[in-house]
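> I would like to see how this sequence folds:
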Amino acid sequence: MSGTAGSGTSAERSGWTGGSARPVAPGLHLVATPIGAARDITLTALDVLAGADILAAEDTRTLRHLMEIHGIALAGRPLIACHDHNEAEVLPRILGALSAGKSVAYASEAGTPLVSDPGFILARATAEAGQKVIAAPGASAVLAALTVAGLPSDRFLFAGFPPTAAGERARFLSEMAAVPATLVLYESPRRVRRLLAELSASLGGTRRAALCRELTKKHEEVIRGTLDEILAALGESDPKGEIVLCLDRAAPQAAGAETIEAALRVALQTMSVKDAATFVAQTTGAPRREVYQAALALAKA
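This is a model prediction of the structure:
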């Protein structure tokens, strides 16, 4: 997710001690960079940026600035631009360096490479060439939003940016309607009110959600409530900054009697009547009392 690392003037701000760069193992290192505050980078990421033989970045200016904040010198090392428009073109150069035993650090403009950012073509080709792909994990707008949304996080689907074309967008929203997991979407601040209205129409205005804005930045804000409540809270003005929208999972739809009976027959092979009834009720959305009575009947048959 795009953005610019926060302010800072020295390596002391991060706690990174710097000094002489330590050797970095050969391979492609996917480096997560801050989505807001520059301090949010990890010490491992700083070590990789300081010691890699070659640096590659979605936005070379942003990476240069981040390195300057943390006191890391480029020191004559190659810095290669690698983004959506040229990823395939620069691939041979990077693969050639990797085959020669070099270490390559790749960083998105902000956040984790491949998560709605470039890097997939590079990472897949590196793996297929038998070279190591190594993660230097860190900031991710997806996980930051899940952390503060107040919605179930045991199962989630990151769906990225909804399509902008009307037909594709309608199909996308239809596919999302019944997903039994918390949904995480990115959206432009210019289109987020439209998205909320569309989701209200397709999923129901009472579906709970959390609109997360400017995560980890000075003006961070989280608006929680139903889709209709969040839309009303925004009023007539578009919000500013980076937006992540989290949606509560679809409520389970109650299954029919035949489906419940079939599920109980399987569950009763390895579970007690009580446990089977609880399991099937949870997975089918049927009332537990009814499922329990059906389980008793099957057990006695």
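
> so which strand or helix has the most centrally placed residue in the chain?
In the chain, the C-alpha closest to the average C-alpha coordinate belongs to Val142, at a distance of 3.4 Å (Cα atoms, centre = their mean). For Val142, the host element (DSSP states H and E) is helix 141-149.

> so which elements touch that helix?
Judged by 3 or more Cβ pairs under 8 Å, 6 or more residues apart in numbering; DSSP states H and E, the packing partners of helix 141-149 are strand 182-187, strand 208-213, strand 221-226, strand 243-247. Bear in mind the C-beta positions are built from the backbone N, C-alpha and C, glycine included.

> and the first one, which strands flank it?
Read that as strand 182-187. Paired with strand 182-187 in the same sheet, following DSSP bridges, are strand 156-160 (parallel), strand 243-247 (antiparallel).

> in the helix or strand following that strand, what counts as buried?
With elements assigned by DSSP H and E, the helix or strand that comes after strand 182-187 is helix 192-203. Counting neighbours by 16 or more other Cβ atoms under 10 Å, one finds that the buried residues in helix 192-203 are Val192, Arg193, Leu195, Leu196, Glu198, Leu199, Ser200, Leu203.

> likewise stretch 154-164?
For stretch 154-164, the buried set under the neighbour-count rule, 16+ other Cβ under 10 Å, comprises Phe156, Phe158, Ala159, Pro162.

> so where is this protein shaky, pLDDT-wise?
1-20, 252-254 (pLDDT under 70).

> ok, Leu79 - contacts?
For Leu79, the set of contacting residues under the criterion of Cβ atoms under 8 Å, 6 or more residues apart in numbering consists of Leu55, Ala56, Ala57, Thr60, Leu63, Arg64.

> equivalent analysis for Ala210, please.
Residues Ala145, Val148, Ala149, Gly150, Leu151, Val222, Ile223, Arg224, Ile230, Leu245, Cys246 are the ones in contact with Ala210 under the rule Cβ under 8 Å, 6+ apart.

> now it: how far from Glu175?
Applying Cβ to Cβ, to the nearest Å, one obtains 21 Å for the distance of Ala210 from Glu175.

> can you list the domains in the chain?
Structural domains annotated on the chain: 11-139, 142-247, 257-300, as defined by automatic domain parsing.

> can you tell me which of those domains is most buried?
Sort those by mean neighbour count, taking mean count of other Cβ atoms under 10 Å, and domain 11-139 sits at the top with a mean of 19.

> the residue nearest to the centre of the chain reaches Val184, doesn't it?
Yes - using Cβ atoms under 8 Å, Val142 makes contact with Val184 at a distance of 5.3 Å.

> which neighbours do those two share?
When Cβ under 8 Å, 6+ apart defines a contact, the residues bordering Val142 and Val184 alike are Phe158, Val244.

> want to throw the strands paired with strand 182-187 into a markdown table with distance to Arg288?
Rendered in a markdown table, the data for the strands paired with strand 182-187 read as follows (distance: least, Cβ to Cβ, whole Å):
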| stretch | distance to Arg288 |
| --- | --- |
| strand 156-160 | 26 |
| strand 243-247 | 26 |
